[in-house]
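# Show me how the following folds:
(one chain, ligands or ions: 1)
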Amino acid sequence: MTSFLSAVPNILEIETTREEVKASSIIASKRMNNGGEENKGICLSWKDLWVTVSGSKNQSKSILEGLTGYAKPGQVLAIMGPSGSGKSTLLDALAGRLGSNTRQSGEILINGYKQALAYGTSAYVTQDDTLLTTLTVKEAVYYSAQLQLPDTMSKQEKKQRADSTIREMGLQDATNTRIGGWGVKGISGGQKRRVSICIEILTHPSLLFLDEPTSGLDSAASYYVMKRIASLGKKDGIQRTIIASIHQPSTEVFQLFHNLCLLSSGKTVYFGPASAASEFFALNGFPCPPLQNPSFT
Ligand SMILES: Nc1ncnc2c1ncn2[C@@H]1O[C@H](COP(=O)(O)OP(=O)(O)OP(=O)(O)O)[C@@H](O)[C@H]1O
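Numbering: from 1, shown residues only. The predicted structure is shown next:
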């Protein structure tokens, strides 16, 4: 994959998608202005995004180099690329979580405007599960619901939200199982990932960032977790925008993505519909060998 990526420097210009971004931004911003229905969707777009870090001897190094793209409500955007290509950095830049030693330039627009995300509209699921190992699934999600949900909701409503979110993530059979951790066996790795996601989606965020949600999982567990994530795109009348960085997904998982952003050394190699990626690379002289998964080649 690495040799292939290095052989295809920055092939795709994203001009073709700009009109599409503009159109969906207008639709999404109209929805936002319609009686304050902010949950109808967030269209996130970025243009000429650069991220640099200051290293030793005052030398700066570019990690992302002029990236352009978008993520639309109700869709899953997968960020792929080899290790060190800048996937997590792109996710952090879009979520406004870059570290203090980094510098960022370029535009990040929400529904076509430069604006900050309101509290509770976005959530970020990190690569590591930071869960209290002594709690059961139900306790972890209930406590989070009590702490995160607004005071305007009654205790009962918060419990109901926690229960429905547990069901949404397919964790109903593990509600009374201890999360567990080092030395004390508890729920499985895939279930832990789903508990982490469960906690982050309690507030019904319209924009969901996930940093390698399937890391450390086998292919069946990865598919189950990603299928749950993809199903969040359109649920309960909410059009969620989902952006996930992911390593070598299986063919089944790959088919769950609407759009693909493929990075190599901080540059965009491909941005567009995931279903059109194979054809694009074949046209550029890199056909996917028969019976092989395009994300591995
Ligand atoms: N704050 C930072 N300071 C210095 N270098 C950084 C910083 N953040 C990222 N980098 C460097 O930028 C490059 C991209 O890192 P990033 O974590 O975004 O890659 P990635 O594609 O997510 O990798 P992986 O798949 O291994 O998690 C790496 O070479 C990394 O060392």
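# Only C-alpha atoms from now on, for both contacts and neighbour counts.
OK.
# OK, contacts around residue 95?
124, 209 (C-alpha atoms under 8 Å, 6 or more residues apart in numbering).
# Share the number of residues neighbouring residue 47, please.
Neighbourhood size, residue 47 [other C-alpha atoms under 10 Å]: 17.
# That one is in contact with residue 106, isn't it?
Yes: the pair residue 47 and residue 106 qualifies as a contact (C-alpha atoms under 8 Å) at a distance of 5.9 Å.
# shared neighbours of the two, which are they?
With C-alpha under 8 Å, 6+ apart as the test, residue 47 and residue 106 both reach residue 66.
# Helices of the stretch 1-150 of the chain, residue ranges please.
Per DSSP state H, counting those that start in this stretch, the stretch 1-150 of the chain has helices spanning 2-7, 15-33, 87-95, 137-148. These are given in chain order.
# Up against the ligand, what does the stretch 101-250 of the chain have?
101, 102 (C-alpha under 6 Å from any ligand atom).
# now the strands for the stretch 101-250 of the chain?
Here the stretch 101-250 of the chain has its strands, by DSSP state E, counting those that start in this stretch, at 102-110, 122-125, 207-211, 234-235, 238-239, 241-245.
# Of these, which is nearest residue 178?
strand 122-125 (20.6 Å; C-alpha to C-alpha).
# Any idea how far that closest one is from the middle of the chain?
Remark: strand 122-125 is offset 8 Å from the chain centroid, using C-alpha atoms, centre = their mean, to the nearest Å.
# what does stretch 230-241 give?
Here stretch 230-241 is found 13 Å from its chain centre; the criterion is C-alpha atoms, centre = their mean.
# For it, buried residues please.
Within stretch 230-241, the residues scored as buried using 16 or more other C-alpha atoms under 10 Å are 230, 231, 232, 233, 238, 239, 240, 241.
# What lies in contact with that stretch?
With C-alpha under 8 Å, 6+ apart, stretch 230-241 has contacts from 39-43, 71-76, 205-208, 242, 256-257.
# again, only this time at 10 Å
Applying C-alpha atoms under 10 Å, 6 or more residues apart in numbering, the contact partners of stretch 230-241 are 38-44, 71-77, 121-122, 168-169, 201, 204-209, 224-226, 242, 253, 256-258.
# Alpha carbons of it, as CSV, please.
Coordinates of the C-alpha atoms in stretch 230-241 are reproduced here as CSV (Å, rounded to 0.1, in the frame of the first residue of the first chain):
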residue,chain,number,x,y,z
ALA,A,230,-23.0,3.8,10.3
SER,A,231,-26.6,3.3,11.5
LEU,A,232,-26.2,6.4,13.7
GLY,A,233,-26.0,8.5,10.5
LYS,A,234,-29.8,8.6,10.2
LYS,A,235,-31.5,7.9,13.5
ASP,A,236,-34.3,9.4,15.6
GLY,A,237,-34.8,12.2,13.0
ILE,A,238,-31.2,13.3,13.4
GLN,A,239,-28.9,13.4,10.5
ARG,A,240,-25.5,12.8,12.0
THR,A,241,-22.2,13.6,10.2
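# Check the average confidence over that stretch, would you?
Stretch 230-241 shows a mean pLDDT of 81.
# Same check on stretch 93-102?
Here the average pLDDT along stretch 93-102 is 90.
# mind checking how far that stretch is from the chain centre?
Here the centre of stretch 93-102 is set off from its chain's centre by 16 Å, with C-alpha atoms, centre = their mean.
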